[in-house]
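Visitor: Quick check, what structure comes out for this input:
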Amino acid sequence: MFQQGLELITSPRLTLKQKYRVLRWFFYSQILGRDIIRSVEVIHTLLCNARCRFCSNEKLSESQPQMSSEQVKMILDKLAAYGVPAVIFLGGESLTDKNFFSYLHYARQQGIITLLQTNGIALNQSIIKRLADAGLFKITITLHDTLSEKHNNIVNRPGALETILAALPLLKKEGIKIDLKTIYSRDSVSTGAFGRILALAQKNGISLNVNPFMPVGRGLKETSMFSDKEKESYLHITSTDRIITTHTKNEYGDHGPAGREYLGITPDGEILPCYFLPVSVGNIKDTDIATAQKRALALGIFQKGATSCIVAMNNDFYKNIIQELYSGRFILPVRVYENSELQQKFSRFSQSL
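Guide: Presented below is the predicted three-dimensional model:
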């Protein structure tokens, strides 16, 4: 963790204001031991130029597909006021939003480090140059296979993989930090896709961020939860290969950040303690970051030092919570702080952790 912090504060891509935010977070979190939000994902659009069949975003929000420029800047102002060091832009697909580059510039002016999670379909030399000029620190590109017909079929876009592979040397040239991102699933393992993607990351010296298959959104219709053996295999490969990071093993330590160090914000402003869990702890229009974090921690499921993801790995949570949320009874994301029944369910479940 110290090494990653050193990398940030010595990076020529960061301003003094951005470096100060990193040092402030490190002091409060690592020295004083406080739960401080270190990154917020802003899902500023649900519009996308891909059509992945297992997308977890299917029912994330059905009321507002894209934020206005004023809304995004209001969010960035609130994150800056709280002291959040980093914002991760994602969707949908961020590069479908014509205002996206202005958000990068605005965040940089506020002293917030900017990261982008993308499917890579829109990346070309001109776009990459604009990202670099806007001060983007890191880009994370989702990859489903290194075989063109496989990857392109999954995202339903011909030429998608070829675009990503052509973009990698251009991004390196501009000094933008690169991560590849993929899903560890029954299908990606059995077809060899996961192994091929890992080999590509190793060959290029690029970190590979791995998410386990999440039984949410469209994923509910795709397949069942991991078996115990499959969970063991996932945990083994992700914990032993140094090039792999996950949302519970990353530069901030070997623990899950959801609710404690991380929040997500949907296009209609709902604040999520976990990107893959469709529950809201407030709306950014009338809820500050500290209040949202307090409500998230009150649920009891975001355990300090948690080393595994309950959404992907806990069968009881899937049966008792996930299936209930997607039963059709609720408008998603459901405002759990206004629903005493769900609060009690979360409380009861947290006692078993």
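
Visitor: can you give me the helices for the stretch 51-200 of the chain?
Guide: 69-82, 100-109, 125-133, 148-155, 160-174, 186-190, 193-204 (DSSP state H, counting those that start in this stretch).

Visitor: Can you lay out those helices as a markdown table showing mean pLDDT and distance to Pro267?
Guide: Where you see a C-beta, it was placed from the backbone N, CA and C, and this is true even at glycine. Shown next, in a markdown table, are the helices of the stretch 51-200 of the chain (pLDDT from 0 to 100; distance: least, Cβ to Cβ, whole Å):
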| stretch | mean pLDDT | distance to Pro267 |
| --- | --- | --- |
| helix 69-82 | 96 | 8 |
| helix 100-109 | 98 | 13 |
| helix 125-133 | 98 | 21 |
| helix 148-155 | 94 | 21 |
| helix 160-174 | 98 | 24 |
| helix 186-190 | 93 | 28 |
| helix 193-204 | 97 | 29 |
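
Visitor: can you tell which of these is closest to Glu261?
Guide: helix 69-82 (12.5 Å; Cβ to Cβ).

Visitor: Let me know the angle separating that closest one from helix 100-109.
Guide: 20 degrees (axes from the mean of the first three to the mean of the last three Cα atoms, to 10 degrees).

Visitor: Give the buried residues for helix 69-82.
Guide: Gln71, Val72, Lys73, Ile75, Leu76, Lys78, Leu79, Ala80 (16 or more other Cβ atoms under 10 Å).

Visitor: Skipping adjacent residues, who's closest to the third one in space?
Guide: Translated: Lys73. Tyr106 (5.7 Å; Cβ to Cβ, 6 or more residues apart in numbering).

Visitor: Contacts only, for the one you found.
Guide: Val72, Lys73, Leu76 (Cβ atoms under 8 Å, 6 or more residues apart in numbering).

Visitor: who wins for proximity to Ile271 among the helices of the stretch 51-200 of the chain?
Guide: helix 69-82 (9.9 Å).

Visitor: Contacts for that closest one, please.
Guide: So helix 69-82 is in contact with 37, 40, 42, 44, 67, 87, 99, 102-103, 106-107, 110-112, 265, 269, 284-285, 288-290, going by Cβ under 8 Å, 6+ apart.

Visitor: ok, 7 Å please
Guide: By Cβ atoms under 7 Å, 6 or more residues apart in numbering, the surrounding residues in contact with helix 69-82 are 37, 40, 42, 44, 87, 99, 102-103, 106-107, 110-112, 265, 284, 288-290.

Visitor: what's the next secondary structure element after the helix or strand hosting Phe317?
Guide: Using DSSP states H and E, Phe317 sits within helix 315-317. Sequence order places helix 323-325 as the next helix or strand after helix 315-317, per DSSP H and E.

Visitor: quick one: average pLDDT of that next one?
Guide: The pLDDT scores in helix 323-325 average 91.

Visitor: roughly how far is stretch 192-199 from the heart of the chain?
Guide: Mean-position distance between stretch 192-199 and its chain equals 21 Å (Cα atoms, centre = their mean, to the nearest Å).

Visitor: List the buried residues for it?
Guide: Ala193, Phe194, Arg196, Ile197, Leu198.

Visitor: again with stretch 39-47
Guide: Here stretch 39-47 shows Ser39, Val40, Glu41, Val42, Ile43, His44, Thr45, Leu46 as buried, counting by 16+ other Cβ under 10 Å.

Visitor: OK, contacts around Phe100?
Guide: Phe89, Ser94.

Visitor: Distance check, it against Pro65.
Guide: 15 Å (Cβ to Cβ, to the nearest Å).

Visitor: and if you look at Cys48?
Guide: 10 Å.

Visitor: where does the stretch 151-300 of the chain dip in pLDDT?
Guide: 217-224, 250-254 (pLDDT under 70).

Visitor: Cys48 and Pro65: which is more packed in?
Guide: Between Cys48 and Pro65, counted using other Cβ atoms under 10 Å, the more crowded position is Cys48 (19 against 14).

Visitor: if we can go back for a sec, please produce a PyMOL select command covering the buried subset of the contacts of helix 69-82.
Guide: Provided next is the PyMOL selection string for whichever of the contacts of helix 69-82 are buried by 16+ other Cβ under 10 Å:
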select buried, resi 37+40+42+44+87+99+103+106+107+110+111+112+265+284+289
